Each structure stands twice: as C-alpha cells, then as structure tokens.
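Q: predicted model follows, preceded by the sequence.
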Amino acid sequence: MKILIANLGSTSFKYRLFDMDAGHAVQLASGGYERVTDYTRCITTMLETLVGDGHVESGEAIGAVGFKTVLGKDLSGCVAADEGVLEALNGFKEVAPAHNPAYAAGIRCFAEMLPSVPRVALFETAFYQWMEPAAYHYAIPETWRNLGIRRYGFHGASHKFVAERSADLLGNEAVADRVRRLYTDGPGNYCGAPLRVLSCHLGGSSSVTGIQNGLAVGSSMGFSPQSGLPQNNRVGDLDSMAIPYVCKMLGLSLEEAERQLNKESGLLGLSGVSNDARDIREAAEAGNGNAALATEVLVDSIRHWAGSFFFKMGGAEAITFTAGIGENDADLRAAVCAGLEDLGVQIDPQANTKAIRGTEGFISTKDSKIKVIVIPANEELVIAREVFRYVQAS
Ligand code: AMP
C-alpha cells in the first residue's frame, strides 16, 4: 500500500509518498510548493508528477492520505478525516491559525479530487488522550474550561514513536506492542515490566513528555504549542499576568503582544541573535552573554519538565533525545544530564559526542541505571506508519 502524507501550511504544501509493502515505510517521492493560494492546483500537479514518475498508476491507486492535524476542538486521535474533523479544526481555528484552516482546506480538496481514497487525520494531541484529569486541568473558571481550555500536549507523533522505539531498544516487547496498537485497540490493561521514559523532543519547536508503560502522563506543552520550553521564536511558559501588564505598560494591543510572543520571543527573544540553536551557540562561544543565557534557559526548562515527570512517574528507565537540537547538540545533552549521577544517569562522553542527526544509539555508559538514548525523528515517516496501521485495522 502507498501512503501519501500531506503537510499543509497557510501558504505551503509539502508531500511525501511511502510504500508500506516491505513491512516498513520506504519513501518513494517527496516534493512541495511555496506561496500556495490554491491547493487544488498543487494536488493536481503533484498527482501528475507522481503518475509521470511511475510511483502510482493514478491518484486512486494511493492507499490513503494522512494529515498531521494539530489541534481539534473536542476531538483527537488517529481518525477518519471526515466532517467531524473539519468541524473540530474549525472550532479551534483561532488557537492554531496557521494550521487548522490550511488542513481543513486540504482535506476538502482531497475529498473532492480523490473521493475513493481514505483520508486519515493524526492529531498531534492524540498521544495524550489517556492523560489523567489532574494532569490536564488548568485551575480556571468553569466557563473557561467549557471553551476547551486545558492542557492538550503536542508533538504526539514524535513522542509516540519514541515510546515504541525506546521500548524496542530496551527489550520491553510488552510496551512496544501496547504502543503499536494504541490508536487501534486503545491502551487496555498493562501488566508487563515497567518502562518510564523522559522523552525530549528538541527542535525548532520543543517539548518534554513523560511516558509511563507507553502512555503519556503529561507534556510540557499545554493548551497551545506556544507553551512549555522556550521555542525557536515562540515564548514557551509565561505567567498569564505578564500579558495584561505589558499591554498596559508598553501600550500594546493584544494582537501585537500575541505577535511578539509568537515571533520575537523564545530563543530568538532571549539571545537577540537568532532562532537557530547553532547560531546561538556560536555567538555564546564568541562571548555573547545573552546567547549563553538563551541556551542555559532552554537547558533549565528541559530539566524542570523532565524532573517533574521523573517525580510523577516515581523514576525513569530512560531519557531520550530527538529532533534537530536533541539529535545534534552533544553539549546540550550533556548539560541536561549533568549532575544526575545520584539518580543513576551516567553519560558516556565519547558516545555522546559521536551521536549526530540520523544516528540512533545509547549515549549513557553500560552501567548507567537510567539509559540515555538518541532516537532520530522523521515525522512524516512516523505518520505514514500510524496511518497505515489505522487503515489496515479499519
Ligand atoms: P527540527 O525542527 O527538528 O528540524 O530542528 C531544527 C533545529 O535544530 C534548528 O532550529 C537548529 O536550531 C537545530 N539544529 C540543527 N542542527 C544542529 C546542530 N548541529 N547543533 C545544534 N542545533 C542544531
């Protein structure tokens, strides 16, 4: 079966085509278009290219189209991308303005152009469906809660992949099997060996998730992906009182405050240099104090959240790093794990330095009680696997 993953932005359309017949996902083609005003034209051009290059006989020969939807009102999971999904995306279009309208438009286009090809939405919140109420409630009035304001958690596809892969690498087949079947069979009752993972997805957008026996117990991200760790140019956690105070003191409109929190904050806002961790490290090494501070704040925030989930789960068997910063930045990994010997974390400096993007492996010593692992992320591939499992099970 061939699975197409459509990645839709407000002015972009990217795709990847995977063949799942070998028992794993093999990428056949990828491409994309910028400055998009009409998804129908993009999809038509993409299909002509895929057919012309011999990857599929026709659009109808695609087994399923998968969409990495971000946030739906009153809906999550890995689900058929039907009217219910369109409604859910519309319900939260103000919260995810760059993503929800684009995905809704894209899903509609595929429905019109390839009606017989199944469409599957995998919400980024899906992995957090089984969080305890105490973990997702904010202490706000009921009228606010009724609007759907709560913690959701994001980067679900990436953290779920880590949940499965870390279980494989640590030989815990019961957890790996549970995670594999999570979106088709639900969590069921677990009675295998315990596995608690502190999963650090650190990239342009970053989050830490606590994973206990394959289920997320909490995420550093809350109501929107603007929360938690400092992001590349998005703020991360901020005391809610700061916003009305800044609006009053600087005479900013709410919209302008929102823009600054989304575009001029995070690592960019702190460092004043760049939103890219590489530039920030270079500037810090050249003596820029604000750049050094930006990395220190990121490390502190990762440790804060990982520590919180360590406590919540009563310990951990593994710490994992994934995505651009997590896979590449050995110094940052070492800083996150520094001084944790009493908890049983021992980094192997040589293995840590060797681990670069795309390579998987342990970076802790053989004796380290808590294993530290780098697990490469490939979100489209992860989504292709989940969509494939969903279509096969339906
Ligand atoms: P992602 O969103 O997973 O593609 O990650 C993108 C981020 O990874 C970029 O913004 C960079 O900050 C970071 N990154 C990529 N390569 C490196 C590197 N060698 N060292 C530190 N950070 C890196």
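A: Yep, it's here. Residues are numbered from 1 along each chain as shown.

Q: report the contact partners of the residue positioned nearest the centre of the chain.
A: Centroid-nearest residue in the chain, with CA atoms, centre = their mean: residue 155, separated by 1.7 Å. Going by CB atoms under 8 Å, 6 or more residues apart in numbering, residue 155 touches 124, 201, 205, 207, 209, 219, 221. Placement of C-beta: from N, CA and C, glycine included.

Q: burial check on the residue nearest to residue 183 when sequence neighbours are not counted, number of neighbours?
A: The shortest distance from residue 183 to any non-neighbouring residue, by CB to CB, 6 or more residues apart in numbering, is to residue 78 (4.0 Å). The local packing of residue 78 (other CB atoms under 10 Å) involves 24 other residues.

Q: repeat that for residue 20.
A: 20.

Q: same check, this time on the one 4 residues further on
A: By the measure other CB under 10 Å, the count of residues near residue 24 is 12.

Q: from the ligand, how far out is it?
A: Separation of residue 24 from the ligand (CB to the nearest ligand atom, to the nearest Å): 22 Å.

Q: what's the answer for residue 163, then?
A: Distance from residue 163 to the ligand, by CB to the nearest ligand atom: 18 Å.

Q: again with residue 114
A: To the ligand, residue 114 is 29 Å away according to CB to the nearest ligand atom.

Q: unless I'm mixing things up, residue 274 is touching residue 284, no?
A: No. Using CB atoms under 8 Å, residue 274 is not in contact with residue 284; the gap is 11.1 Å.

Q: right, and the ligand sits closest to which residue of this structure?
A: The ligand sits closest to residue 324 of the chain, with a gap of 2.0 Å, by CB to the nearest ligand atom.

Q: now residue 336. Its backbone dihedrals?
A: When read as degrees, to the nearest 10, the backbone of residue 336 gives phi -60, psi -40.

Q: these two touch, right, it and residue 302?
A: Yes. With contact defined as CB under 8 Å, residue 336 counts as touching residue 302 (5.1 Å).

Q: quick check: neighbours shared by these two?
A: Residues touching both residue 336 and residue 302 by CB under 8 Å, 6+ apart: residue 200.

Q: comparing those two, which residue is more hemmed in?
A: Each of residue 336 and residue 302 has its neighbours counted (other CB under 10 Å); residue 302 has more, 29 against 25.

Q: what about that one, helix or strand, and which?
A: Following DSSP states H and E, one finds residue 302 within helix 289-313.

Q: many thanks, have a good one.
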